[in-house]
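[1] Sequence first, then the predicted structure, then my questions.
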Amino acid sequence: MEMFFRIANLILEFAFFVCYVIFFYCSIKKCFQRDGVSKSNLFVLIFFTNPMVVFLVLGMLIIIVEVFVLILGYGYDANTVVDMYRNVSKLTLATGLATNIIFTLLLILFSRVIGKWLKANNVSLVVFIYLMFGVIIALSGGRSMGLNSEYKDFSFRLLDFVCKSAFLVTVFLMYHFLIKALAELTKQKHRIRWMTFVIPPIAFLLFYSVFDVLTFYSLSYDANVVVQISALVILLLFIWAFYVIINNIRATDEALTAKDEVKELSVEVMEALAHTIDAKDAYTNGHSVRVAKYSRMIAEKMGLSAEFCENIYYMGLLHDIGKIGVPNEIINKPGRLTDDEYDVIKTHPEIGYQILSEIKSNRELAKGARWHHERYDGKGYPDRKAGEVIPLEARIIAVADSYDAMTSNRSYRSYLPQDVVRSEIENNMGTQFDPEAAKCMLAIMDEDKEYRLHEHSDNIVENSNGM
Ligand SMILES: [Fe+2]
């Protein structure tokens with residue numbers, strides 16, 4: 001009968017190994033499909049993230065450290081130590097704990113390195129899931145006490161308990177670091193929770209430990225067969241979970257792509273609108289796109305959030321949309337405008353505000369249109385707002401708008417030299433312009449030594465042609 005259980009045990013162990021290999025193979029295949037990672041990169045990654053490899057290396061290190069502790073700390077000679085290794089019962093609790101701490105630290109280090117590496121190589125969750133699974137296998141297999149009677153010794157059970165607890169903590173930390181890296185990688189901070197990955201290993205380790213203990217107490221192979229079967233079932237569950245997760249990720253990817261496409265379309269529509277506005281004026285070709293870009297540059301210089309910088313670009317594109325309501329004859333009048341004509345021009349912020357207020361999904365857009373002609377000292381229009389009361393977006397667009405007006409050709413003059421533009425902005429800091437926004441514009445100009453940032457610079461104004 002015992003022979004039967006021994007064979008069953010071996011077969012199950014083999015089945016477990018085969019499943020693990022299949023799982024490993026699926027991971028690699030999925031990686032190739034999803035990430036386009038080069039083969040050599042992937043090979044290195046798979047090799048070093050393979051928990052079995054790591055486990056073996058760490059295991060070797062632990063033995064080396066244990067030998068060291070025994071020789072140095074207890075004065076044993078090398079031969080005695082080798083003998084001691086033949087009999088686990090001679091290991092002291094102290095050396096066990098010392099090596100356990102080192103093992104824990106190494107695993108943490110390992111997870112941090114791998115987390116960084118996954119991020120640097122843009123590798124998907126698939127590898128991570130494989131890694132997670134492998135770690136569990138390595139932990140449960142590697143720390144199993146085996147069929148030895150010393151397990152009944154209290155100090156050994158205590159040591160085993162301490163080890164297992166430390167491993168659990170390590171696994172938590174490891175997942176925490178990896179998930180952090182992966183969340184940044186996939187930009188899905190709210191979708192990936194490291195707890196999701198912690199629950200299965202806890203369940204696995206608990207289940208496995210119970211049967212492990214049963215095996216040790218009964219000291220028979222039939223109990224071990226139960227352990228193997230349970231491990232196999234759990235492995236199959238993991239494979240199933242793996243596919244569910246992958247399918248979810250794929251669905252999420254598709255949803256995100258669709259969202260990106262819609263966003264791209266809106267940006268293109270906004271840019272087309274900006275060109276339409278500029279087409280009304282023969283001399284402001286590409287003005288709106290340039291103002292949008294300058295505004296974004298200023299916002300970036302001011303250290304504002306990525307979301308703010310993106311939004312101000314859209315506001316810049318549409319800041320003059322109200323000009324649609326101003327007759328072409330006034331906009332394109334060659335000579336000086338009469339006061340009445342100027343009053344008509346001055347209605348464009350309000351018209352723009354009304355048009356953009358209709359866009360319910362982005363109510364912020366209207367801000368730039370309405371207040372981009374306000375002055376910091378309160379002498380602007382249409383609402384004569386002053387200082388910080390003017391929305392920051394509008395204060396930034398005002399600087400960008402003036403910069404573009406001075407640096408582009410007009411019917412009556414060509415663009416102004418950079419030093420003239422610079423002193424003009426500097427002299428109007430705090431009166432016409434918000435000091436902070438103006439300061440950042442000056443800094444951008446100072447970096448632009450060759451004066452590439454003006455109307456005819458292709459670097460900045462790639463959209464101004466072909467209107
Ligand atoms: Fe304007």
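    Received, thanks.
[2] okay, CA-based contacts and neighbour counts for the rest of this
    OK.
[3] Touching, Leu317 and Thr276? I think so.
    No - with contact defined as CA atoms under 8 Å, Leu317 does not count as touching Thr276 (10.7 Å).
[4] what about the two, which has more around it?
    Counted by other CA atoms under 10 Å, Leu317 and Thr276 do not tie: Leu317 has more neighbours, with 30 against 17.
[5] got a list of contacts for the helix or strand that one falls within?
    Take DSSP states H and E as the rule and Leu317 turns out to sit in helix 306-318. Applying CA atoms under 8 Å, 6 or more residues apart in numbering, the contact partners of helix 306-318 are 267, 270-271, 273-274, 288-289, 291-293, 295-297, 299-300, 365-369, 393, 397.
[6] hmm, which of those residues are the buried ones?
    With neighbours counted by 16 or more other CA atoms under 10 Å, those contain buried members at 270-271, 273-274, 288-289, 291-293, 295-297, 299-300, 365-369, 393, 397.
[7] So which of the contacts of helix 306-318 are in helices?
    267, 270-271, 273-274, 288-289, 291-293, 295-297, 299-300, 365-369, 393, 397 (DSSP state H).
[8] Which residue ranges make up each domain of the protein?
    2-246, 258-447 (automatic domain parsing).
[9] Worst mean pLDDT among the ones you listed?
    Here the domains of the chain differ in mean pLDDT, and the lowest is domain 2-246 at a mean of 60.
[10] so where do the helices sit in the stretch 301-450 of the chain?
    306-318, 328-331, 339-345, 348-357, 365-371, 392-407, 418-427, 435-447 (DSSP state H, counting those that start in this stretch).
[11] could you redo those as a markdown table and give each row distance to Met3?
    As requested, the helices of the stretch 301-450 of the chain are arranged in a markdown table below (distance: least, CA to CA, whole Å):
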| stretch | distance to Met3 |
| --- | --- |
| helix 306-318 | 67 |
| helix 328-331 | 98 |
| helix 339-345 | 98 |
| helix 348-357 | 82 |
| helix 365-371 | 78 |
| helix 392-407 | 80 |
| helix 418-427 | 92 |
| helix 435-447 | 81 |
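[12] Name the stretch among these that sits most buried.
    helix 365-371 (a mean of 26; mean count of other CA atoms under 10 Å).
[13] contacting residues around it?
    311-312, 314-316, 318-322, 349-350, 352-357, 359, 381-383, 390-391, 393-395, 397.
[14] Convert the C-alpha atoms of it to CSV, please.
    Taking Å, rounded to 0.1, in the frame of the first residue of the first chain, the C-alpha atoms of helix 365-371 are listed here in CSV:
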residue,chain,number,x,y,z
LEU,A,365,-12.8,75.7,-21.4
ALA,A,366,-14.9,78.9,-21.3
LYS,A,367,-12.6,80.6,-18.8
GLY,A,368,-9.7,81.2,-21.2
ALA,A,369,-12.0,82.7,-23.8
ARG,A,370,-13.8,85.1,-21.4
TRP,A,371,-10.9,86.5,-19.4
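[15] burial of Trp358, as a residue count?
    Not quite, residue 358 is Glu, not Trp. The number of residues packed near Glu358 is 12, by other CA under 10 Å.
[16] so who does it touch?
    Contacts of Glu358 (CA under 8 Å, 6+ apart): none.
[17] Would you mind measuring from it to Arg395?
    Using CA to CA, to the nearest Å, Glu358 is found at 22 Å from Arg395.
[18] again, but for Leu256
    33 Å.
[19] got it, and Ile351?
    Distance of Ile351 to Arg395, given as CA to CA: 19 Å.
[20] What of Ile444?
    16 Å.
[21] do Asp339 as well
    From Asp339 to Arg395 the distance is 25 Å (CA to CA).
[22] what's near enough to touch Val421?
    Counting by CA under 8 Å, 6+ apart, the residues that Val421 touches are 403, 406-407.
[23] change it to 7 Å
    With contact set as CA atoms under 7 Å, 6 or more residues apart in numbering, Val421 has these partners: Met406.
[24] With the one 5 residues further on instead?
    Contact analysis of Glu426 by CA under 7 Å, 6+ apart lists nothing.
[25] Neighbours of the residue nearest to Thr431 when sequence neighbours are not counted, how many?
    Distances taken as CA to CA, 6 or more residues apart in numbering put Asp377 closest to Thr431, at 4.9 Å, once the chain neighbours are dropped. Around Asp377 there are 17 other residues, counting by other CA under 10 Å.
[26] Surely Asp377 touches Glu388?
    No - contact criterion CA atoms under 7 Å: Asp377 and Glu388 do not qualify, at 10.1 Å.
[27] Look up the closest residue to Gly387, ignoring the ones flanking it.
    Tyr376 (4.7 Å).
[28] Report the contact partners of the one you found.
    Contacts of Tyr376 (CA under 7 Å, 6+ apart): 386-387, 430-434.
[29] separation between it and Lys280?
    Tyr376 is 29 Å from Lys280, by CA to CA.
[30] For Met414, which non-adjacent residue is spatially closest?
    Actually, residue 414 is Ser. It isn't Met. Closest to Ser414 by CA to CA, 6+ apart is Ser408, at 6.8 Å.
[31] and the gap between the one you found and Val291?
    Ser408 is 11 Å from Val291, by CA to CA.
[32] Next: Ile355.
    19 Å.
[33] cool, and Met315?
    With CA to CA as the criterion, Met315 and Val291 are 9 Å apart.
[34] just Ile11 next, same as before
    Ile11 is 72 Å from Val291, by CA to CA.
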